[in-house]
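Q: no sequence for this one, just the structure:
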């Protein structure tokens, strides 16, 4: 028997002896039942003072209980008033005189200091203190650059410092059994899932892991699921890759895909190492055969040149017709192209963005005159756009009118005079 247990038993015997000494005189000296009741109450108060002087663990043993965790001691005091149950005063964390759910919430809040997730907050300053050692390893670290240390930043100021150490040490108020640990388990031998009691602490053991995980001997790890690949592919451990397979004609497998290889080309072609190309026949060709090949190639060349010209040909621009000067599109014979057309009389003023719908079709009439005179090289659209504007300005310059691009009374009269033969 250890010295600690011997001294405790000695003290416990003293407590019981004191109780006997307190109660025996009550029984012997009480004259009436009420007198005995009063004296018993006095003896009970004296006994409570003696028990209060013991440690919490010893108090539990006085009550006939074995070692209890802090959580178990708290549960015994739940809903007890500290005035009638002095032993529960330590469980009244908010000091309101009664142990309630509010005190339980405060007890559970101490879990923030449980850094190794074993439901026990070790407050000892010893080499085997996992919680304290974790805090020390993070001391001076900024949580922004050291994410694992974020849970030790109890003050939330972004760095683990002395304020966090003081906050950790403050959890001592939840140590109800005075063992320098805050044990939030229901029993000292009841461990979390995946842990067993080794006689002094909970240790990780093989357990049933979550779905998609397997036990590797020390922890649950993600299970590697076999990859099922399509036909012609195999798994390389991370994905499916194509198997060496039969490639199309003219291709071979290079280890990862089909690539072109020398093959039988069409008549008149040979393999140059990557594609089939045309070749001259190996026999002595006749002059007629060579000429036929040349003619065929020239026809193909002309065809390609024509297609290229159609796709790259810029819009044709015709020079304006200026009276007394050459240029422009002039019809056969010396006939004024405007005069030979039908007489055009306009009644509407027109400007940029005018339309036929707004001018009774006169935009198209003006464009027809400009096209016939070589001022406008596009088709009549019925819309007075920028090409029509430029054509009108050229016409105005050629006929002595200020080139505003606006078709007003002067321009309309000029068109009428030139198309109707009266200028």
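A: Happy to help now that I have it. This one's a predicted model, so the numbers in the text were calculated from it and none came from an experiment. Numbers count the residues shown, from 1 in each chain.
Q: contacting residues for residue 99?
A: 74, 77, 78, 79, 80, 82, 88, 91, 92 (CB atoms under 8 Å, 6 or more residues apart in numbering). Placement of C-beta: from N, CA and C, glycine included.
Q: for the stretch 101-250 of the chain, what spans make up the strands?
A: 120-122, 181-183, 195-197, 202-204, 213-215, 220-222, 233-235, 240-242 (DSSP state E, counting those that start in this stretch).
Q: Looking at those, which is nearest to residue 378?
A: Nearest to residue 378 among the strands of the stretch 101-250 of the chain is strand 240-242 (57.0 Å), distances taken as CB to CB.
Q: sorry, back to before: take the contacts of residue 99 and write them to JSON lines, including pLDDT, secondary structure and distance to residue 140.
A: Conversion of those to JSON lines gives the following (pLDDT from 0 to 100; DSSP: H, G, I helix; E, B strand; the rest coil; distance: CB to CB, whole Å):
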{"residue": "74", "pLDDT": "85", "secondary structure": "helix", "distance to residue 140": "35"}
{"residue": "77", "pLDDT": "90", "secondary structure": "helix", "distance to residue 140": "40"}
{"residue": "78", "pLDDT": "90", "secondary structure": "coil", "distance to residue 140": "41"}
{"residue": "79", "pLDDT": "91", "secondary structure": "coil", "distance to residue 140": "44"}
{"residue": "80", "pLDDT": "92", "secondary structure": "coil", "distance to residue 140": "44"}
{"residue": "82", "pLDDT": "89", "secondary structure": "coil", "distance to residue 140": "41"}
{"residue": "88", "pLDDT": "90", "secondary structure": "helix", "distance to residue 140": "40"}
{"residue": "91", "pLDDT": "90", "secondary structure": "helix", "distance to residue 140": "36"}
{"residue": "92", "pLDDT": "92", "secondary structure": "coil", "distance to residue 140": "37"}
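Q: Are any of those residues buried, and if so which?
A: 74, 77, 80, 82, 88, 91, 92 (16 or more other CB atoms under 10 Å).
Q: Surely the last one is in contact with residue 98?
A: Yes - with contact defined as CB atoms under 8 Å, residue 92 counts as touching residue 98 (6.8 Å).
Q: okay, and the common contacts of those two?
A: Jointly contacting residue 92 and residue 98 under the rule CB under 8 Å, 6+ apart are residue 82.
Q: For residue 222, see how far away residue 216 is.
A: Using CB to CB, to the nearest Å, residue 216 is found at 10 Å from residue 222.
Q: right, I mislabeled it, should have said residue 163
A: 38 Å.
Q: So the two - more neighbours on which side?
A: The neighbour comparison of residue 163 against residue 222 (other CB atoms under 10 Å) goes to residue 163, with 13 against 10.
Q: Could you count how many residues lie near the nearest residue to that one once chain neighbours are set aside?
A: Here the nearest residue to residue 163 in space, its sequence neighbours aside, is residue 155; by CB to CB, 6 or more residues apart in numbering that works out to 4.8 Å. Each residue near residue 155 was counted by other CB under 10 Å, and the total is 13.
Q: same question, the one 3 residues further on
A: Taking other CB under 10 Å as the criterion, the count of residues near residue 158 is 13.
Q: Look up phi and psi at it.
A: Phi and psi for residue 158, reported as degrees, to the nearest 10, are phi 90, psi 0.
Q: ok, it touching residue 142?
A: Yes - assessed by CB under 8 Å, residue 158 is found in contact with residue 142 at 6.0 Å.
Q: what mean pLDDT would you report for stretch 396-412?
A: The average pLDDT within stretch 396-412 is 96.
Q: Mind listing residues that contact that stretch?
A: 320-323, 345-347, 349-352, 366, 375, 389-390, 392-395, 414, 418.
Q: Could you tell me which of the residues you listed are located in helices?
A: Those of the contacts of stretch 396-412 mapping onto helices are 366, 389, 390, 392, 393, 394, 395, 414, 418, per DSSP state H.
Q: List buried residues within these.
A: Buried residues within the ones in helices among the contacts of stretch 396-412, counting neighbours by 16+ other CB under 10 Å: 366, 389, 390, 392, 393, 394, 395, 414, 418.
Q: Would you check which pair of the buried ones among the contacts of residue 99 lies furthest apart?
A: 74 and 82, at 13.1 Å, using CB to CB across these.
Q: for this protein, what spans make up the helices?
A: 3-29, 33-52, 56-62, 70-77, 101-109, 130-138, 162-169, 287-312, 337-340, 356-359, 362-372, 386-398, 409-420.
Q: mind checking the end-to-end distance for stretch 124-132?
A: Chord length of stretch 124-132, first to last residue, is 8 Å (CA to CA, to the nearest Å).
Q: Pull out the buried residues from that stretch.
A: In stretch 124-132, counting by 16+ other CB under 10 Å, buried: 129, 131, 132.
Q: so what's the second one up against?
A: Residue 131 is in contact with 113, 114, 115, 116, 121, 122, 123, 168, counting by CB under 8 Å, 6+ apart.
Q: Counting neighbours, what do you get for the residue nearest to residue 344 when sequence neighbours are not counted?
A: Leaving aside its chain neighbours, residue 344 sits nearest to residue 419 (4.4 Å; criterion: CB to CB, 6+ apart). By the measure other CB under 10 Å, the count of residues near residue 419 is 25.
Q: ditto for residue 227
A: Residue 227, neighbours per other CB under 10 Å, totals 13.
Q: Nearest residue to it in space, please, no chain neighbours.
A: Of all residues not flanking residue 227 in the chain, residue 235 sits nearest, at 4.0 Å (CB to CB, 6+ apart).
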